[in-house]
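# predicted model and sequence follow; I will ask about them next.
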Amino acid sequence: MPAKAKADSLMPSWLPRVNKLITNPVQGLWAPYVPPYAVIVHRGRTSGRQYRTPVTAFRSGSRLAIPLPYGTGTDWVRNLLAADGGKVHRAGRLHTLARPHLADPAEIPQLPRMARLAAKRMRILVADLT
């Protein structure tokens, strides 16, 4: 994990590896269908390979707010920001994510309640659903 991700991660350093090998494949089976869970579909910055990462995501109208307990330097966050978007499979539907960005503090009051609560402890990624 990059140093930046470690700096703002709330999780122990060993947990991302466990999640990647064990938890994510299992969560990936049901997360696309059971809100507030979702699966982010993104392309690797250098490999171009498609990846699927389970997350917790809160919807408010045409916006999706995703708390970042592993920090802003995780591969999926960096991939999504570099590509200026990706896809999300949520509630059984595939949506396009556009204009992803790290939430500005001024946006926090407009986010869903659970995202506002999460924002007190961690960064939030916000994207438009199109």
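On my side now, so go ahead. Fair warning: this is a prediction, and the values are worked out from it, not measured in the lab. Residues are numbered from 1 along each chain as shown.
# shaky segments in the protein?
For the chain, the stretches with pLDDT under 70 are 1-7.
# and the strands in it?
In the chain, strands defined by DSSP state E lie at 37-43, 50-56, 58-60, 63-67, 85-90, 93-102, 124-129, listed in chain order.
# ok, which of the ones you listed comes nearest residue 23?
strand 50-56 (7.9 Å; C-beta to C-beta). For the C-beta atoms, the positions are set from N, CA and C on the backbone; glycine is no exception.
# distance from the chain centre to that closest one, please.
Here the centre of strand 50-56 is set off from its chain's centre by 7 Å, with C-alpha atoms, centre = their mean, to the nearest Å.
# number of nearby residues for residue 77?
Close neighbours of residue 77, defined as other C-beta atoms under 10 Å, add up to 23.
# list the buried residues in stretch 100-111.
The neighbour-count check on stretch 100-111 (16 or more other C-beta atoms under 10 Å) flags 100, 103, 107-108, 111 as buried.
# any chance of the strands of the chain in a markdown table, with distance to residue 24 too?
Shown next, in a markdown table, are these (distance: least, C-beta to C-beta, whole Å):
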| stretch | distance to residue 24 |
| --- | --- |
| strand 37-43 | 9 |
| strand 50-56 | 6 |
| strand 58-60 | 20 |
| strand 63-67 | 15 |
| strand 85-90 | 14 |
| strand 93-102 | 18 |
| strand 124-129 | 17 |
